[in-house]
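Engineer: dropping a prediction and its sequence here:
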Amino acid sequence: MVPQDLRFAETHEWAKIEGEECTIGITAFAVEQLTDVVFVDLKPKVGDSVKVGGSIGEIESVKAVSDIYAPVDGIVTAVNKDLAVDPSLVSAEPYGKGWLLKVKVAAGAGSNLKSPDEYDRQIATQGH
């Protein structure tokens with residue numbers, strides 16, 4: 001089961017929207033597919049704009065390098081600098097200390113994203 005207070009992109013990013021602030025990360029399902037995360041390269045800096053579907057960085061595991069995409073439009077307010085020192089936080093706590101970015105969003109942000117139930121159905125069809 002995925003956390004019920006999040007919304008999900010088809011590309012396995014999550015968004016936790018609280019008022020105008022949205023925290024972004026990748027899902028536990030994505031982490032399981034990647035296996036051990038060894039490097040996270042986040043492109044945006046505080047003050048940069050991100051657009052739905054735009055690349056916000058890459059995540060590297062022992063298996064592959066994968067792009068990470070913005071699930072919402074917004075202005076970056078924080079980047080998780082802890083990941084540069086300890087990228088395994090993404091594996092250990094994908095919905096907690098392994099968050100990637102925080103962005104300021106407009107009202108109605110995230111309406112394009114899947115509910116937890118819709119995302120559970122998606123990953124069920126992808127071999128989980």
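Structural biologist: Here it is on my side, so go on.
Engineer: which element is Asp120 on?
Structural biologist: helix 116-124 (DSSP states H and E).
Engineer: please, where are all the helices along this protein?
Structural biologist: 28-34, 82-85, 88-92, 116-124 (DSSP state H).
Engineer: with distance to Val46, mean pLDDT and mean neighbour count added, can I get the ones you listed in JSON lines?
Structural biologist: C-beta here means a position set from N, CA and C on the backbone, and glycine is covered the same way. Formatted as JSON lines, these follow (distance: least, CB to CB, whole Å; pLDDT from 0 to 100; neighbours: other CB atoms under 10 Å):
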{"stretch": "helix 28-34", "distance to Val46": "24", "mean pLDDT": "93", "mean neighbour count": "19"}
{"stretch": "helix 82-85", "distance to Val46": "14", "mean pLDDT": "95", "mean neighbour count": "14"}
{"stretch": "helix 88-92", "distance to Val46": "19", "mean pLDDT": "95", "mean neighbour count": "18"}
{"stretch": "helix 116-124", "distance to Val46": "28", "mean pLDDT": "95", "mean neighbour count": "14"}
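Engineer: same list, these, but as a markdown table with distance to Ala109 please.
Structural biologist: A markdown table is the format used below for the helices of the chain (distance: least, CB to CB, whole Å):
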| stretch | distance to Ala109 |
| --- | --- |
| helix 28-34 | 21 |
| helix 82-85 | 23 |
| helix 88-92 | 23 |
| helix 116-124 | 17 |
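Engineer: please name whichever of these is nearest to Lys104.
Structural biologist: Smallest distance to Lys104 across those (CB to CB): 20.4 Å, for helix 82-85.
Engineer: which secondary structure elements does the closest one contact?
Structural biologist: When contacts are defined as 3 or more CB pairs under 8 Å, 6 or more residues apart in numbering; DSSP states H and E, helix 82-85 sits against strand 37-42, helix 88-92.
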